[in-house]
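Chemist: predicted model follows, preceded by the sequence.
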Amino acid sequence: MPMSNYLKNLLVAFLVLAINACQSVPKPEPQTLPELAIEVVSEPVEVVDVNQQNYEAGLAALKMGEIRFAIKMLEQVSTSAPDLDHVFTNLGLAYFKQENHDKAEQAFLLAIKSNPDDAVAYNHLGIIKRFQGEFDSARQTYQKAIQINNKYASAYLNLGILYDIYLQDLDKALKQYKKYQSLTSDESNSVGKWIVDIQRQLKTVKAKSQG
């Protein structure tokens, strides 16, 4: 065998061995991503109702006398969630405490439109009507509040004041004051003094008429 052929055959043999050696090395398995862990929540997550949260903040501010903040919160809620119970009534009360009677009246009217059985709205609307000099309208709204809730002491008191001071009807004022007194402890006893005073006036009037 010529030398050149020998070298050629030797080179081919070497290449075959090298290829076989390469093929015998195991291929690495492809890398796989780990599975994502899924957290199982054992209890439902509480959903925070922002409107309810703001409403409660507004009511708390109203009770503490922080009227401007109360109005801010209640205005937001009345716009975003007007169906919440008594939101317009409480907004009206906030404006009433601020002595903004025009906006208070608007809020109370919206409250009554939303809930025709809102005695509190009727009662405070009656006070505003009294301030405005609309005494007959005030009387009607007080009476409506009493019709809705016949144990609503504040409405009896306001109606009594209307009859006593503004309409000069002492008999009817006396009746309302007595009803108010029957529903409350009247710790200040102020209404009790008014009752005594009216009874004295009525007795004087009766004595003069008989004399």
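Modeler: Structure's in. What do you need? Because the structure is predicted, anything quoted here is derived from the model rather than measured.

Chemist: for residue 121, see how far away the residue nearest in space to the middle of the chain is.
Modeler: For the chain, the residue sitting closest to the mean C-alpha position, by C-alpha atoms, centre = their mean, is residue 55 at 3.3 Å. When distances are taken as C-beta to C-beta, to the nearest Å, residue 55 and residue 121 turn out to be 17 Å apart. In this view, the C-beta of every residue, glycine as well, is placed from N, C-alpha and C.

Chemist: cool, residue 198 as well?
Modeler: Residue 198 is 29 Å from residue 121, by C-beta to C-beta.

Chemist: of those two, who's got more company?
Modeler: Remark: of residue 198 and residue 121, residue 121 carries more neighbours, 29 against 20, as counted by other C-beta atoms under 10 Å.

Chemist: and the more buried one, what pLDDT?
Modeler: The model reports residue 121 with a pLDDT of 96.

Chemist: how much space between the nearest residue to it once chain neighbours are set aside and residue 51?
Modeler: Distances taken as C-beta to C-beta, 6 or more residues apart in numbering place residue 111 nearest to residue 121, at 4.0 Å, with adjacent residues excluded. Distance of residue 111 to residue 51, given as C-beta to C-beta: 17 Å.

Chemist: between the two, who's got more neighbours?
Modeler: Comparing residue 111 with residue 51 by other C-beta under 10 Å, the one with more neighbours is residue 111, at 25 against 17.

Chemist: okay, now the domains of the protein?
Modeler: Per automatic domain parsing, the structural domains of the chain span 50-101, 116-205.
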